[in-house]
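J.: only geometry, no sequence info:
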């Protein structure tokens, strides 16, 4: 074998190509910067998508209430009671509308509510009553599907305005219709949000005996009250009845006309109205309370949602 070095041609050593440590660190730094720039945008898009899906859920629930009225000539009652019996736990509005949100099989499996001969339901949820219903779940809230505040019945993130659905303050039947809302269905809240991240959410299918907050919401001193850092509201908290959400700066609401609006936390609300109260006479000058009461004669126009 000929030795090329003897011919005056030096042997060249092969050089391995690759990143130096400094080059690698620069690339990592650039990737970190890009992630830092993109992450807020991704979170913003995800938040907007969750808010939109929540609004779509409320739209379906409001439509279901309208369809229920078309079939029964009255809106679904918040809590199924009669003049002598108020079973607790007892069926709630969210069970009554199941056939109108394509959940006929679940409705049949639960056992169609006997609206005449009322009996109390189990305090702890049977397995069928733990069935999650996607339309009842706000994607911005905790992914939990069972509500431990209410006997582990399925969670629902939406609660009704009892002023519109009934029952009345004495828990007696108080049937309403869309057409019977004197202040106008476009000026009256029908359904709103409550999360289970800082609050107690609601209970699907039943009005639970722990509290009427299991099916209804009230305006009180305003939207989205917050507990002390690291804490959550519980079934003994006054704020359990408030409307809360994990959306930024407000909550979604379905109005009685079927429209859906996002209402800001800054909406004018009575600072002295306890969440455990139905809105009182002295609260009627405040926008949130007026949106809750269907027949106060104080029609709100040109609302800037």
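T.: Okay, I see it. Because the structure is a prediction, the values reported are computed rather than measured.
J.: mind checking how far residue 48 is from residue 54?
T.: 11 Å (C-beta to C-beta, to the nearest Å). All C-beta atoms are positioned from the backbone trio N, CA, C, and that covers glycine.
J.: and the two? which has more neighbours close in?
T.: More neighbours surround residue 54 than the other of residue 48 and residue 54, with 25 against 12 (other C-beta atoms under 10 Å).
J.: surely the more buried one and residue 138 touch.
T.: Yes: applying C-beta atoms under 8 Å, one finds residue 54 in contact with residue 138, separated by 4.5 Å.
J.: okay, and the common contacts of the two?
T.: Jointly contacting residue 54 and residue 138 under the rule C-beta atoms under 8 Å, 6 or more residues apart in numbering are 157, 193, 245, 252.
J.: and the next helix or strand past the helix or strand containing the last one?
T.: Counting by DSSP states H and E, the secondary-structure element that holds residue 252 is strand 250-255. Remark: after strand 250-255, the chain's next helix or strand is strand 260-264, criterion DSSP H and E.
J.: any idea of the mean pLDDT in the next helix or strand after that next one?
T.: For strand 260-264, the succeeding helix or strand toward the C-terminus, using DSSP H and E, is helix 287-292. Mean pLDDT, taken over the full extent of helix 287-292, equals 93.
J.: now tell me what touches helix 287-292 from outside.
T.: Taking C-beta under 8 Å, 6+ apart as the criterion, the residues outside helix 287-292 that touch it are 161, 163, 183, 187-189, 218-219, 222-223, 263, 267-270, 273, 279, 283-284, 296, 298, 300, 303.
J.: make a ChimeraX selection of the buried ones in these.
T.: Restricted to the buried members of the contacts of helix 287-292, where burial is judged by 16 or more other C-beta atoms under 10 Å, the ChimeraX selection command reads as follows:
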select :161,163,183,187,188,189,218,219,222,223,263,267,269,270,273,279,283,296
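J.: in the stretch 151-300 of the chain, where is pLDDT below threshold?
T.: Along the stretch 151-300 of the chain, segments meeting pLDDT under 70 span 281.
J.: show me where it has strands.
T.: Along the stretch 151-300 of the chain, counting by DSSP state E, counting those that start in this stretch, strands occupy 153-156, 158-161, 189-193, 202-203, 206-207, 216-217, 250-255, 260-264.
J.: same list, these, but as JSON lines with distance to residue 227 please.
T.: Listed next are the strands of the stretch 151-300 of the chain as JSON lines, based on distance: least, C-beta to C-beta, whole Å:
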{"stretch": "strand 153-156", "distance to residue 227": "19"}
{"stretch": "strand 158-161", "distance to residue 227": "18"}
{"stretch": "strand 189-193", "distance to residue 227": "17"}
{"stretch": "strand 202-203", "distance to residue 227": "18"}
{"stretch": "strand 206-207", "distance to residue 227": "24"}
{"stretch": "strand 216-217", "distance to residue 227": "17"}
{"stretch": "strand 250-255", "distance to residue 227": "16"}
{"stretch": "strand 260-264", "distance to residue 227": "20"}
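J.: before we move on, what SS does residue 105 have?
T.: When the structure is reduced to helix, strand and coil (DSSP: H, G, I helix; E, B strand; the rest coil), residue 105 reads as helix.
J.: what about it, neighbour count?
T.: Residue crowding around residue 105 was assessed by other C-beta under 10 Å; the count is 11.
J.: roughly how far does it sit from residue 53?
T.: Taken as C-beta to C-beta, the span from residue 105 to residue 53 is 23 Å.
J.: cool, residue 107 as well?
T.: Counting by C-beta to C-beta, the separation of residue 107 from residue 53 is 23 Å.
J.: repeat for residue 184
T.: Per C-beta to C-beta, residue 184 is found 28 Å from residue 53.
J.: residue 87: how many residues sit nearby?
T.: 17.
J.: please apply the same query to residue 61.
T.: Neighbours of residue 61 using other C-beta under 10 Å come to 24.
J.: with adjacent residues omitted, what lies nearest to it?
T.: The shortest distance from residue 61 to any residue other than its chain neighbours is 5.5 Å, reached at residue 191 (C-beta to C-beta, 6 or more residues apart in numbering).
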